[in-house]
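Colleague: Provided below for reference: sequence and predicted model.
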Amino acid sequence: MEESQDILLNSIASSGVTIPSGVSSVKDLTPPTLFAVSSQALYLIDRQNSSFPASLPENSVADRSKLCSELASAFKSIGFVGDISFHKAVPLSIGRGLVRVDKVLGWEAI
């Protein structure tokens, strides 16, 4: 499983998405870095309709939640037919560092 995750991360990077510093494997992704990677990928796919910030706001949980929901909706609007919902696109427990990655990226790291 780890090898396929590394292949995925390398594929994302080779498509033009900048992988944040400190991320050398899927396990290194945090909610903010996952958002950054996802928003960049969406921009590369749909430049005309993607206007997400490069990072999540640090102080507002409401704004973070709203942006994550909007990002999931944007992926659905370009034709992704899988189940994308807020609880799958954001971490289940930020305090413990648990990261659940949506099926948009095709993998899960817990």
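Modeller: Nice, I can see it. Residues are numbered from 1 along each chain as shown.

Colleague: please count neighbours and contacts with C-alpha atoms only from this point.
Modeller: Noted.

Colleague: how many other residues sit next to residue 22?
Modeller: Number of residues near residue 22 (other C-alpha atoms under 10 Å) recorded here: 9.

Colleague: look up how far residue 33 lies from it.
Modeller: For residue 22, the distance to residue 33 equals 10 Å [C-alpha to C-alpha, to the nearest Å].

Colleague: equivalent analysis for residue 53, please.
Modeller: 12 Å.

Colleague: before we move on, what about residue 26?
Modeller: As judged by C-alpha to C-alpha, residue 26 and residue 33 stand 10 Å apart.

Colleague: and residue 53 and residue 33? Which one has more around it.
Modeller: Remark: of residue 53 and residue 33, residue 33 carries more neighbours, 19 against 12, as counted by other C-alpha under 10 Å.

Colleague: the more buried one contacts residue 20, doesn't it?
Modeller: Yes: at 6.5 Å, residue 33 and residue 20 qualify as touching, with contact defined as C-alpha atoms under 8 Å.

Colleague: got a list of what the residue lying closest to residue 41 once chain neighbours are set aside touches?
Modeller: Excluding its sequence neighbours, the residue lying closest to residue 41 (C-alpha to C-alpha, 6 or more residues apart in numbering) is residue 17, at 6.1 Å. Counting by C-alpha atoms under 8 Å, 6 or more residues apart in numbering, residue 17 touches 37, 40, 41, 44.

Colleague: from these, list just the buried residues.
Modeller: Listed as buried from these are 37, 40, 41; burial here means 16 or more other C-alpha atoms under 10 Å.

Colleague: what helix or strand is the second one on?
Modeller: Residue 40 is located in helix 31-45, with elements delineated by DSSP states H and E.

Colleague: over that helix, what's the mean pLDDT, rounded is fine.
Modeller: On average, the pLDDT along helix 31-45 is 89.

Colleague: show me where this protein has helices.
Modeller: Using DSSP state H, the helices of the chain run over 2-14, 31-45, 61-77, 86-89.

Colleague: and those helices, which is most packed in?
Modeller: helix 31-45 (a mean of 20; mean count of other C-alpha atoms under 10 Å).
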